[in-house]
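Participant: below is the structure, and that's it, no one-letter string:
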Ligand SMILES: O=C(O)CCC(=O)C(=O)O
Ligand SMILES: [Fe+2]
């Protein structure tokens, strides 16, 4: 099994929504919304890439998963953690038994706004956010995401993936064969959405490009080299 959790267990998190850490995106001033500048690329049916969708200030918050996880835990609202071995979701993190916190509402809203902007998918109410951290040698083999409920998968509810930090080469295709796969770059702030007939597409990360994160992100957060990926899903 090639799942991201095997690569970077200390960053593996799966959470459920509750409070707000960020400025409410709805209150942004006119002209300030990331939806004004993002380009929308339809890569194949029900697969959409929103380039540069996440505003710098929101990327900065998302680049601090330990901090927002800790803030959400204070609220004592139970979330969900993925056990990658059992391929099931539960209330605690398998490797240390830590309680699963909520997803910050502001993050959920960004994912939902991206989903509306793509305008190809049913809206979801994310109750899972998997956070993966890749070092510069991190990879993720081609796989399908099918640990969510049968109903969610049957409906083709989308998952919404946000990239933060160093650029990754993302592979996707109809089979597990990496030589047949299409390659795209996912840069900091990009949002990729897969749903409908593309929900079970094979996908993975072939490599992470050293020193490719925006310098302001590194300066503001002290982000160590590598990439953070957040996927929002509805169980
Ligand atoms: O890092 C990525 O862009 C993909 C992550 C992924 O496929 C997963 O968490 O299932
Ligand atoms: Fe995946």
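Facilitator: All right, it came through fine. A quick note: this is a predicted structure, and the numbers were derived from the prediction, not measured. Ligands and ions are numbered 1, 2, ... in the order given.
Participant: please make it C-alpha for all contacts and neighbour counts, starting now.
Facilitator: Fine.
Participant: and this protein, which of its residues are near ligand 1?
Facilitator: Residues of the chain lying near ligand 1 by C-alpha under 6 Å from any ligand atom: 145, 204, 229.
Participant: ChimeraX command for the buried members of these?
Facilitator: Selection of buried members from those for ChimeraX, criterion 16 or more other C-alpha atoms under 10 Å:
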select :204,229
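Participant: just the residues of the chain next to ligand 1: which are in strands?
Facilitator: 204, 229 (DSSP state E).
Participant: okay, the residues of the chain next to ligand 1 in TSV with pLDDT next?
Facilitator: Shown next, in TSV, are these (pLDDT from 0 to 100):
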residue	pLDDT
145	96
204	98
229	97
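Participant: tell me how far the longest helix along the chain is from the chain's mean position?
Facilitator: For the chain, the helix that runs over the most residues, judged by DSSP state H, is helix 105-118. For helix 105-118, the separation from the chain centroid amounts to 11 Å (computed by C-alpha atoms, centre = their mean, to the nearest Å).
Participant: helices or strands next to it in the packing?
Facilitator: Applying 3 or more C-alpha pairs under 8 Å, 6 or more residues apart in numbering; DSSP states H and E, one finds that helix 105-118 contacts strand 47-51.
Participant: the inter-axis angle of the strand it packs on versus helix 105-118?
Facilitator: With axes from the mean of the first three to the mean of the last three C-alpha atoms, to 10 degrees applied, the angle from strand 47-51 to helix 105-118 works out at 110 degrees.
Participant: give me the residue from this structure nearest ligand 1.
Facilitator: residue 229 (4.9 Å; C-alpha to the nearest ligand atom).
Participant: contacts only, for that residue.
Facilitator: Residue 229 makes contacts with 130, 131, 132, 133, 161, 162, 163, 164, as judged by C-alpha atoms under 8 Å, 6 or more residues apart in numbering.
Participant: sorry, back to before: now the longest helix of the chain: buried residues?
Facilitator: Residues of helix 105-118 classed as buried: 105-115, 117-118 (neighbour count, 16+ other C-alpha under 10 Å).
Participant: please work out the average pLDDT along the helix or strand just after it.
Facilitator: Helices and strands here follow DSSP states H and E; after helix 105-118, the next one along the chain is strand 128-134. Average pLDDT, strand 128-134: 94.
Participant: strand partners of strand 128-134, parallel vs antiparallel please.
Facilitator: strand 13-14 (antiparallel), strand 227-233 (antiparallel) (DSSP bridges).
Participant: the protein: helices as residue ranges?
Facilitator: According to DSSP H, the helices that the chain contains are 4-7, 56-62, 65-74, 105-118, 150-154, 215-221.
Participant: burial-wise, tell me which of the ones you listed comes out on top.
Facilitator: Using mean count of other C-alpha atoms under 10 Å, the stretch among the helices of the chain with the largest mean neighbour count is helix 105-118, at a mean of 21.
Participant: make JSON lines from the helices of the chain and add mean pLDDT and distance to residue 39 to it.
Facilitator: Listed next are these as JSON lines, based on pLDDT from 0 to 100; distance: least, C-alpha to C-alpha, whole Å:
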{"stretch": "helix 4-7", "mean pLDDT": "34", "distance to residue 39": "28"}
{"stretch": "helix 56-62", "mean pLDDT": "96", "distance to residue 39": "16"}
{"stretch": "helix 65-74", "mean pLDDT": "84", "distance to residue 39": "26"}
{"stretch": "helix 105-118", "mean pLDDT": "97", "distance to residue 39": "10"}
{"stretch": "helix 150-154", "mean pLDDT": "97", "distance to residue 39": "27"}
{"stretch": "helix 215-221", "mean pLDDT": "96", "distance to residue 39": "21"}
